[in-house]
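Engineer: Give me a model of this one.
(2 chains)
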Amino acid sequence: MLPPFVQDLLDRGHDPLADERSQQWLLAHPEALEAFAATRRVLGDLRTLPPIARPWRRAVPWVGVIAAAAIAAAVLRGRSDANAAPRPLPRPDFAAMTLVSCRVSTSEIGGGSARERVLTGNVLQTAEHYVSAPTATARHIAARVVEQRVLEP
Amino acid sequence: MPHPMTADRAADRTADAAMSQILASMQPRIRAFLRNLARAEVDDLVQETLTRAWRSRQTFDPARGTADAWLLRVAFRAFLDRPKHGGGDAGAPASEPVDGGCDPLRHAALREHTAALLAQLSIREREILLRFHRDGESIEEIARATRLPAGTVKSHLHRARNRMLSCETQRGGTP
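Structural biologist: Below is the predicted model of the structure:
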């Protein structure tokens, strides 16, 4: 275990090996030398790892997410009711409408440029789809790009 | 009965042969240890370590510790005593170049090793460790972003580092 003063140095962004107290501690604990050196190297190398986009920067393909969730739910329902007769799925609140439109804006950042896309999606919902094939809902999600522009860096 | 001087010389020769064997067998481990510390100057430091160890071989006392620990301490002292160029690499480890940058295989192995270590952490620990050491965020910034008290962020960070150290200890610290 790293002693608290070494953790404190790392918290402040200092190199423990430049600190006299840490050096003395390591000389007194030679059994920790190799693991400490390897850990220090890994911590230093982390900065060279490619950064992962923050959630608010990441492109969010909502239409895909909705479709995947619908398929997963349908598959799970299909498995549990494998031997049972098809029965209607519970309708969501907006089920009275036969067509639900969605308009989603996504942005992609990477490679020194940013791009914004606006997608529209239509989700068809009819009683037939719910009764005959639970996955029909997912199949009837259609999306198309209506607008695409490159943002100023 | 052999002459006392002859017996002493024979004992010395036996001890020297044993030390030669220890140095030869430990050389890869010393190199790996120093490579983690000093990157570019490894060859010089290994040479310096072996020279120092040989010169001071009489000071090694098996009753006070293992030959491994003694040699690693010699190597660490050689690292600390090395001439520093332009401030040396005793600065923040994050400012150093990636080791093995010119060797794609070693570079890939290091990446893989780092990924394996990160996989040992919990999701929260990994997130906080990466935010701090990779993205350069301060503890306060991480606390705001994760909506955790700064003390809790610190605890996660310390636990993550200790877990990494523990994994390195188990595998000998030589990626």
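Engineer: centroid residue for chain B?
Structural biologist: residue B:33 (4.0 Å; CA atoms, centre = their mean).
Engineer: touching chain A at all, the host helix or strand of residue B:17?
Structural biologist: Taking DSSP states H and E as the definition, residue B:17 sits inside helix B:4-38. Yes. Helix B:4-38 is in contact with chain A by CB under 8 Å from any CB of the partner chain, via B:29, B:32-33, B:36-37. Quick note: C-beta positions are derived from backbone N, CA and C, even for glycine.
Engineer: Format those as JSON lines; extra columns: pLDDT and distance to residue A:64.
Structural biologist: Formatted as JSON lines, the residues of helix B:4-38 next to chain A follow (pLDDT from 0 to 100; distance: CB to CB, whole Å):
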{"residue": "B:29", "pLDDT": "93", "distance to residue A:64": "50"}
{"residue": "B:32", "pLDDT": "92", "distance to residue A:64": "45"}
{"residue": "B:33", "pLDDT": "94", "distance to residue A:64": "48"}
{"residue": "B:36", "pLDDT": "91", "distance to residue A:64": "43"}
{"residue": "B:37", "pLDDT": "92", "distance to residue A:64": "47"}
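Engineer: Got a quick ChimeraX command for the buried subset of those?
Structural biologist: A single ChimeraX command selects the buried members of the residues of helix B:4-38 next to chain A (16 or more other CB atoms under 10 Å in any protein chain shown):
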select /B:29,32,33,36,37
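Engineer: Among the residues of helix B:4-38 next to chain A, find me the one that's closest to chain A.
Structural biologist: Using CB to the nearest CB, residue B:36 is the member of the residues of helix B:4-38 next to chain A that sits closest to chain A, with 3.9 Å.
Engineer: In terms of pLDDT, where does the nearest residue to that closest one once chain neighbours are set aside sit?
Structural biologist: Spatial nearest neighbour of residue B:36, excluding adjacent residues (CB to CB, 6 or more residues apart in numbering or on different chains): residue A:37 at 3.9 Å. Here the pLDDT value assigned to residue A:37 is 94.
Engineer: what sits against residue B:79?
Structural biologist: Residue B:79 sits next to B:34, B:37-38, B:45 when contact means CB atoms under 8 Å, 6 or more residues apart in numbering or on different chains.
Engineer: Just give me the closest of those residues to residue B:169.
Structural biologist: Nearest to residue B:169 out of the contacts of residue B:79 is residue B:37 (CB to CB; 16.4 Å).
Engineer: There's contact between the closest one and residue A:17 in this structure, I believe.
Structural biologist: Yes. Using CB atoms under 8 Å, residue B:37 is in contact with residue A:17, at 7.3 Å.
Engineer: still on that earlier bit, residue B:39 is in contact with the residue nearest to residue B:36, correct?
Structural biologist: No. With contacts counted by CB under 8 Å, residue A:37 stays clear of residue B:39, the gap being 11.2 Å.
Engineer: can you pull the buried residues of the longest helix along chain A?
Structural biologist: Longest helix in chain A by number of residues, with DSSP state H as the criterion: helix A:62-80. Within helix A:62-80, the residues scored as buried using 16+ other CB under 10 Å are A:63, A:66-67, A:70-71, A:74.
Engineer: One more: stretch B:150-163?
Structural biologist: Under the neighbour-count criterion of 16+ other CB under 10 Å, stretch B:150-163 has B:153-154, B:156-161, B:163 buried.
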